[in-house]
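**Q** The following block contains a protein sequence and its predicted model.
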Amino acid sequence: MSLRLQLLAERRASHKGSVSTKRFLVQVVLVTCALVGAVATIGFIIDSSVLGVVHFIRGELLSIAPANQVVAGSPDTEHCVRFTFQNRCNRDVQITGAKTACTCFRTTSLPISVKARDQQSVDVHVTLPSHNKRERHDIIFYTDISIQPTVVASVVAYSHDND
């Protein structure tokens, strides 16, 4: 009989431990949700857009839109794509240059200054690849922000014959 009471007492003690563990986990989840909600609210107040909240949470002071572009056309033709930089800093930001692994990209509008809390666009000229081909290239834009020295965009270029 005493063995049975001892087992019952152990079972009740282990049950109490799991309830307090569950309660603790619920509290952790609630606090985490509250913190994420507070950060999102602050980001929305600062930037007034859902995408701005995402950039705020990521800690991005400068973002680029669209970050990915697609260009299609006849081989060896030049097309212009526009990237717009959104400055979330309280100071002007310099876009000092750009680099890509392909000589098929060029821009004549750099360097530029993006005013504090403003946006500025840059045109990039892309020469499509020869023959029927698809190429993807990243463009690295250099900034004067020490904690975000680069902003990356990509272009997918499709060339096709007009048959």
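**A** Okay, I see it. Residues are numbered from 1 along each chain as shown.

**Q** tell me the domain ranges of the protein?
**A** When the chain is parsed with automatic domain parsing, its domains come out as 2-57, 62-159.

**Q** Go ahead and measure how far the last one is from the middle of the chain.
**A** What that stands for is domain 62-159. Here domain 62-159 shows a centroid-to-chain-centroid distance of 15 Å under the convention Cα atoms, centre = their mean, to the nearest Å.

**Q** Just the endpoints, please. Distance across it?
**A** One end of domain 62-159 sits 32 Å from the other (Cα to Cα, to the nearest Å).

**Q** Same check on stretch 101-108?
**A** 17 Å.

**Q** picking up where we left off before, for the domains of the chain, state which one has the densest average packing.
**A** The highest mean neighbour count among the domains of the chain, using mean count of other Cβ atoms under 10 Å, belongs to domain 62-159: a mean of 15. All C-beta atoms are positioned from the backbone trio N, CA, C, and that covers glycine.

**Q** Now that one: average pLDDT?
**A** Domain 62-159 carries an average pLDDT of 91.

**Q** Contacts only, for the nearest residue to D76 once chain neighbours are set aside.
**A** Leaving out its chain neighbours, the residue that sits closest to D76 by Cβ to Cβ, 6 or more residues apart in numbering is S130, at 5.7 Å. By Cβ atoms under 8 Å, 6 or more residues apart in numbering, the contact set of S130 is P75, D76, S159.

**Q** Right, I'll leave it there.
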